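Participant: Take a look and give me a structure for this.
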Amino acid sequence: MESTEVLKKIVFRMYPDESSAVEALRGGQIHTLSGISTDSVRNLQSQQNIELIGSNIIYSQYWALFFNLNEEGPAAFDDVAVRRAISSAVNRDFVIDNLLGYATEAIGPIPESSWAYTAVPTYRFDKSKASEILEDAGWRRPAGSEIREKDGKKLEFTLLLIENSDRVKIAQSIQKDLLDVGIRVNVVSKEKNRLVSENLVPRVFDMILYGVQTFIDPDRYELFHSSQIDHPGLNISSYASKNTVLTVQGGEQIRIPEVDDLLDDARRLVDESDRKKKYELFQRTIGSEVPAVFLFHPAEVYAVNKRVRGVSLERLNSLENRFDSIRDWFISTESS
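Facilitator: Numbering: from 1, shown residues only. Modelled structure (predicted):
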């Protein structure tokens with residue numbers, strides 16, 4: 001006979017690594033576990049006493065390959081054709097497969113679920129198109145070489161990422177995709193604090209695989225405005241749009257990047273239809289200039305002992321929100 005018991009308290013237990021935490025979950029020492037790798041998710045799928053609860057897709061987060069477009073970055077990235085080809089070469093389905101399907105493709109900087117989203121031309125997966133773009137731009141494979149060259153320079157870059165088994169698998173998938181079209185990628189993973197302090201903050205990298213938390217509102221000022229290039233700004237690619245517009249600042253006429261102007265206007269406007277027009281132009285520019293390769297919006301996975309009932313991850317915006325439904329949780333107990 002089953003009876004239930006309301007939750008009276010929550011105890012958080014810390015473990016030195018994921019494997020020991022997973023073993024504690026398997027053995028019933030703990031009842032829930034969050035933030036686990038896909039390897040652990042895969043291993044827990046056959047565990048009889050564990051339920052894997054997937055969240056909604058978190059559209060306020062996206063993962064991308066960010067190009068370094070400042071002076072520290074590779075000169076080849078100044079060629080928009082190279083960026084377009086890389087975006088066309090990456091198979092997002094393979095990336096999502098590595099996440100066991102707990103994600104959906106990110107089309108651009110504004111998710112499809114947003115009122116401000118507009119379907120604009122972008123460089124999504126098309127490997128033959130990627131090769132065509134590179135050929136037209138003069139990046140050719142010399143006889144006997146699998147790596148493209150132009151003016152004696154090889155198409156070869158380093159991809160940085162935070163040390164994590166899931167991210168390494170994603171990077172390896174991207175590495176293979178790019179090699180198929182003649183681009184060599186060297187994958188380098190680092191501990192998070194080192195990567196942030198040594199590479200992300202000073203913007204010292206070739207490409208970086210990174211996830212960002214955005215707003216429910218479509219404002220993307222912090223992510224793409226040129227004033228946000230330096231830390232603590234989040235313009236990771238050091239992007240400034242090539243097209244410029246004339247504007248007045250401090251009583252003087254100056255030229256500024258077109259995307260800056262669009263983002264400035266869009267955050268000042270109140271009328272939604274007027275804002276949408278600005279964001280449509282913004283998305284068109286980003287889709288054409290490709291400062292980043294947009295990969296996926298993630299979902300979270302919560303491993304829960306089946307004795308814990310009532311857990312829901314609907315309308316989740318971040319992993320910390322997993323307790324939002326805790327008033328509905330209860331413990332199922334067996335009695336004779």
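Participant: contacting residues for residue 63?
Facilitator: Contact partners of residue 63, counting by CB atoms under 8 Å, 6 or more residues apart in numbering, are 106, 170, 209, 210, 211, 212, 295, 296, 297, 298. C-beta: built from backbone N, CA, C; applies to glycine.
Participant: ok, the residues you listed vs residue 84, which is closest?
Facilitator: Sorting the contacts of residue 63 by how near they are to residue 84, with CB to CB, puts residue 295 at the top with 15.7 Å.
Participant: What's the local residue count around the closest one?
Facilitator: The number of residues packed near residue 295 is 22, by other CB atoms under 10 Å.
Participant: and the contacts of residue 63, which of them are in helices?
Facilitator: Judged by DSSP state H, the contacts of residue 63 include residue 170 as members of helices.
Participant: Go through the contacts of residue 63 and single out the one with the most neighbours.
Facilitator: Neighbours here are counted as other CB under 10 Å. On that basis the top member of the contacts of residue 63 is residue 170, with 28 neighbours.
Participant: Next, the residue nearest the centre of the chain: secondary structure please.
Facilitator: Nearest to the centroid of the C-alpha atoms of the chain, with distances taken as CA atoms, centre = their mean, sits residue 63, at 0.3 Å. The three-state assignment at residue 63 reads strand, by DSSP: H, G, I helix; E, B strand; the rest coil.
Participant: Is it bridged to anything, and to what?
Facilitator: Going by DSSP bridges, residue 63 is paired in beta bridges with residue 211, residue 296.
Participant: Quick check: the gap between it and residue 243.
Facilitator: 27 Å (CB to CB, to the nearest Å).
Participant: can you check residue 319 too?
Facilitator: As defined by CB to CB, residue 319 lies at a distance of 38 Å from residue 243.
Participant: between these two, which one's more packed in?
Facilitator: Set side by side, residue 319 and residue 243 show unequal neighbour counts under other CB under 10 Å, the larger going to residue 319 at 16 against 12.
Participant: Now do the same contact list for the more buried one.
Facilitator: Applying CB under 8 Å, 6+ apart, one finds that residue 319 lies in contact with 34, 35, 300.
Participant: What about those, which one has the most neighbours?
Facilitator: residue 300 (21 neighbours).
Participant: Skip the chain neighbours and tell me the closest residue to that one.
Facilitator: Once flanking residues are discounted, residue 300 sits nearest to residue 55: 4.2 Å by CB to CB, 6 or more residues apart in numbering.
Participant: pLDDT check: weakest of the contacts of residue 319?
Facilitator: Least confident entry in the contacts of residue 319, by pLDDT: residue 35, with 89.
Participant: domain ranges for the protein?
Facilitator: Recorded structural domains for the chain (assignment: automatic domain parsing) are 2-56+300-334, 61-297.
Participant: Helix, strand, or coil at the nearest residue in space to residue 87 that is not next to it in sequence?
Facilitator: Once flanking residues are discounted, residue 87 sits nearest to residue 123: 3.8 Å by CB to CB, 6+ apart. Following three-state DSSP, we place residue 123 in the coil state.
Participant: Verify the contact between residue 123 and residue 90 for me.
Facilitator: No - using CB atoms under 8 Å, residue 123 is not in contact with residue 90; the gap is 9.3 Å.
Participant: Which secondary structure elements does whichever strand or helix holds residue 130 sit against?
Facilitator: Assigned by DSSP states H and E, residue 130 falls within helix 127-136. In terms of contacts (3 or more CB pairs under 8 Å, 6 or more residues apart in numbering; DSSP states H and E), helix 127-136 is packed against helix 80-89.
Participant: how far out from the middle of the chain is the helix it packs on?
Facilitator: How far helix 80-89 lies from its chain's middle: 17 Å, per CA atoms, centre = their mean, to the nearest Å.
Participant: do stretch 157-173 as well
Facilitator: When distances are taken as CA atoms, centre = their mean, stretch 157-173 is centred 12 Å away from the chain's centroid.
Participant: For the residue nearest to residue 87, give me its contacts.
Facilitator: Shown in contact with residue 123 (CB under 8 Å, 6+ apart): 84, 85, 87, 88, 129, 287, 290.
Participant: Nearest spatial neighbour of the last one, chain-adjacent residues omitted?
Facilitator: The one in question is residue 290. According to CB to CB, 6+ apart, the nearest residue to residue 290 is residue 83 (4.1 Å).
Participant: can you pull out the strands in the stretch 1-150 of the chain?
Facilitator: Under the criterion DSSP state E, counting those that start in this stretch, the stretch 1-150 of the chain contains strands at 2-6, 32-34, 50-54, 61-67, 103-105, 149-150.
Participant: Excluding chain neighbours, what is closest to residue 165?
Facilitator: Closest residue to residue 165 in three dimensions, ignoring its sequence neighbours and counting by CB to CB, 6+ apart: residue 37, at 5.0 Å.
Participant: what about the one you found, distance to residue 142?
Facilitator: As it turns out, when the distance is counted by CB to CB, residue 37 lies 40 Å from residue 142.
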